[in-house]
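> Structure of the sequence below:
(one chain, ligands or ions: 2)
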Amino acid sequence: MQTITATRPAPGVLRQQEAYVRATGYFYAVDFGEHVRPRHHYVGINAECNCDLGSACPAVDAVRAYLKEGGKRADRPPFGYYPVRPMKCPICNEKTGDAPSLSSPHRGAGWICPSGTSHYWKHRAHISAQRPGSQP
Ligand SMILES: [Zn+2]
Ligand SMILES: [Zn+2]
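Ligands and ions are numbered 1, 2, ... in the order given. Okay, the predicted model is just below:
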């Protein structure tokens, strides 16, 4: 049997095994060490990094490996609160984009999808209807 080494398009010098991961609030802070730029990455519970690579960032893989090894999980946000936008629209399942104008301290990060803002508000209405304590 031959050992097959999986190669994936990871940028340059990042080597996952050197990553140091810790849960901080609603995020995972990933430290790749002083030889990597950018050194610090923040991965949300939506499995997207805050850097330009987004979900393709090796920091996301580092967080997966960390959780697999029994690492401490990031805090679950309160019901209906999004510390980061969802990766996909909960209504149409298309990729979302940032919409800072929709962000609020109560709702968290705003987002838009190919439909514009309509699915965002549809989803918020759905959340309000489900909010614990809202039933009689
Ligand atoms: Zn990153
Ligand atoms: Zn949508």
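
> Any stretches of this structure with poor pLDDT?
1-17, 132-136 (pLDDT under 70).

> ranges for the helices of it?
Along the chain, counting by DSSP state H, helices occupy 58-68, 118-130.

> Would you mind finding the most buried of those?
Most buried of the helices of the chain by mean neighbour count (mean count of other CB atoms under 10 Å) is helix 58-68; its value is a mean of 19. No exception for glycine: its C-beta is placed from N, CA and C like everyone else's.

> now the helices of the chain in a markdown table, with distance to ligand 2?
As requested, the helices of the chain are exported to a markdown table (distance: least, CB to the ion, whole Å):
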| stretch | distance to ligand 2 |
| --- | --- |
| helix 58-68 | 23 |
| helix 118-130 | 3 |
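
> would TSV of those with distance to Pro105 be doable?
Putting the helices of the chain into TSV (distance: least, CB to CB, whole Å) gives the following:
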stretch	distance to Pro105
helix 58-68	26
helix 118-130	14
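
> between these, which one is nearest to Met87?
Counting by CB to CB, Met87 lies closest to helix 58-68 out of these; the figure is 10.5 Å.

> how much distance is there from that closest one to the middle of the chain?
Chain-centre distance of helix 58-68: 12 Å, with CA atoms, centre = their mean, to the nearest Å.

> And it, what does it pack against?
If contacts are counted by 3 or more CB pairs under 8 Å, 6 or more residues apart in numbering; DSSP states H and E, helix 58-68 sits against strand 20-24, strand 27-31, strand 40-44.

> got JSON lines for those, with mean neighbour count too?
Shown next, in JSON lines, are the helices and strands packed on helix 58-68 (neighbours: other CB atoms under 10 Å):
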{"stretch": "strand 20-24", "mean neighbour count": "15"}
{"stretch": "strand 27-31", "mean neighbour count": "21"}
{"stretch": "strand 40-44", "mean neighbour count": "21"}
